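>>> what shape does this take:
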Amino acid sequence: MRTITTRTVEYPADGLTMTGHLALPAGVDRRPAVLLGPEGMGLSDVERRRADALAELGYVALAFDLHGGRYLGAPEAMLARCMPLLADPDRMRGIGRAALDVLRNEPRTDPDRIAAVGYGTGGAVGLELGRDGADLRAIGTVNALTTGRPGEAARIRCPVWAGVGSEDPIMPPAQRDAFTAEMQTAGVDWRLTVYGGALHAFHHPPVDHPTVPGVGYHPQHAQRAWRDVVALLAECLPGTAVRPSRDPELDQEIEDLTRRP
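As a prediction, this is how the structure comes out:
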């Protein structure tokens, strides 16, 4: 395991003080960078550990905040915050741009090699950055097949990879079709991976609070989705020697189970 350093970064966005998690790889040179977006509940240790795992692979990684330092574990609170946000592309772009500026201004970041990867609402933010013409080398989303305003997908300047569970009721086949039609019409270099039998948020380990219906963890597909994300970054952010990587969440789950009496 490579030595990494981490720190908390605060920055303004959406009228809030956001609290992100920055992970830096070993060394002092400029490195490719990844903007990492969380599920609608907000930034948690799940995303922090994934940012750390990306830093161990040689990337500068910023796990960004959605809710001003809050984690919205109650479904009602999460939906009350996220539904208006998802309906407002300009707000999503503002949140994404603020975090992207923090990442781009980090001295270790190579500003010409930045990708956005996000889960759920965080993935929707990444897509809106692309539709806003942000200079990204790749966009990867899991559970976020959101469509944008007509014609704006033509501004996407990089490959787009999306992953979704086949049994996800929040991103059903009709939504998949609308998303892929938008990407195809815009001439985007796009890919869609459908993980058989998986529900919404299949990548996210079980949480100790209520969730919305249709959510469920699938450890096998979680690992596959992580490998697909790492492969996307290796393809689109040249100059990083990427070794095989496991999703840190499954490793953490195994460790927690071994500690139980």
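
>>> not counting stretch 167-178 itself, show me its contacts.
The contact list for stretch 167-178 (CB atoms under 8 Å, 6 or more residues apart in numbering) reads 143-145, 147, 164-165, 192, 194, 197-200, 202, 212-214. Where C-beta positions appear, they are placed from N, C-alpha and C, glycine not excepted.

>>> please redo it, this time with the cut-off set to 6 Å
The contact list for stretch 167-178 (CB atoms under 6 Å, 6 or more residues apart in numbering) reads 145, 147, 164, 199-200, 214.

>>> would you mark the buried spots in that stretch?
Neighbour counts using 16 or more other CB atoms under 10 Å place 167-168, 170-171, 176 of stretch 167-178 among the buried residues.

>>> just for this protein, where's the confidence low?
Across the chain, the ranges flagged by pLDDT under 70 are 1-2, 239-261.

>>> which stretches of it form strands?
For the chain, the strands defined by DSSP state E cover 5-13, 16-24, 31-37, 60-63, 109-119, 138-142, 160-165, 190-195.

>>> redo the ones you listed as a markdown table? Include distance to Val102.
Output for the strands of the chain, formatted as a markdown table (distance: least, CB to CB, whole Å):
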| stretch | distance to Val102 |
| --- | --- |
| strand 5-13 | 5 |
| strand 16-24 | 7 |
| strand 31-37 | 9 |
| strand 60-63 | 6 |
| strand 109-119 | 9 |
| strand 138-142 | 18 |
| strand 160-165 | 23 |
| strand 190-195 | 27 |
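
>>> of all the ones you listed, which one is nearest Ala77?
Nearest to Ala77 among the strands of the chain is strand 16-24; the distance by CB to CB comes to 14.6 Å.

>>> with only the CA atoms kept, save the closest one in PDB.
What follows is strand 16-24, C-alpha atoms only, in PDB (Å, rounded to 0.1, in the frame of the first residue of the first chain):
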ATOM      1  CA  LEU A  16     -23.500  26.400   2.300                       C
ATOM      2  CA  THR A  17     -20.100  25.700   3.600                       C
ATOM      3  CA  MET A  18     -19.100  22.400   2.000                       C
ATOM      4  CA  THR A  19     -16.700  20.000   3.700                       C
ATOM      5  CA  GLY A  20     -14.800  17.700   1.300                       C
ATOM      6  CA  HIS A  21     -12.300  15.000   1.800                       C
ATOM      7  CA  LEU A  22      -9.000  15.400  -0.200                       C
ATOM      8  CA  ALA A  23      -6.700  12.400  -0.600                       C
ATOM      9  CA  LEU A  24      -3.200  12.800  -2.000                       C
END
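
>>> each with direction, which strands does that strand pair with?
According to DSSP bridges, strand 16-24 forms sheet pairs with strand 5-13 (antiparallel), strand 60-63 (antiparallel).

>>> ok, which of those strands comes nearest Arg49?
Closest to Arg49 of the strands paired with strand 16-24 is strand 60-63 (CB to CB; 9.1 Å).

>>> which residues are contacting the closest one?
Strand 60-63 is contacted from outside by 20-24, 31, 33-36, 43, 47-48, 51, 54-55, 103, 106, 108-109, using CB under 6 Å, 6+ apart.

>>> buried subset of those residues, written for ChimeraX?
Command for ChimeraX, covering only those of the contacts of strand 60-63 found buried under the criterion 16+ other CB under 10 Å:
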select :20,21,22,23,24,31,33,34,35,36,43,47,48,51,54,55,103,106,108,109
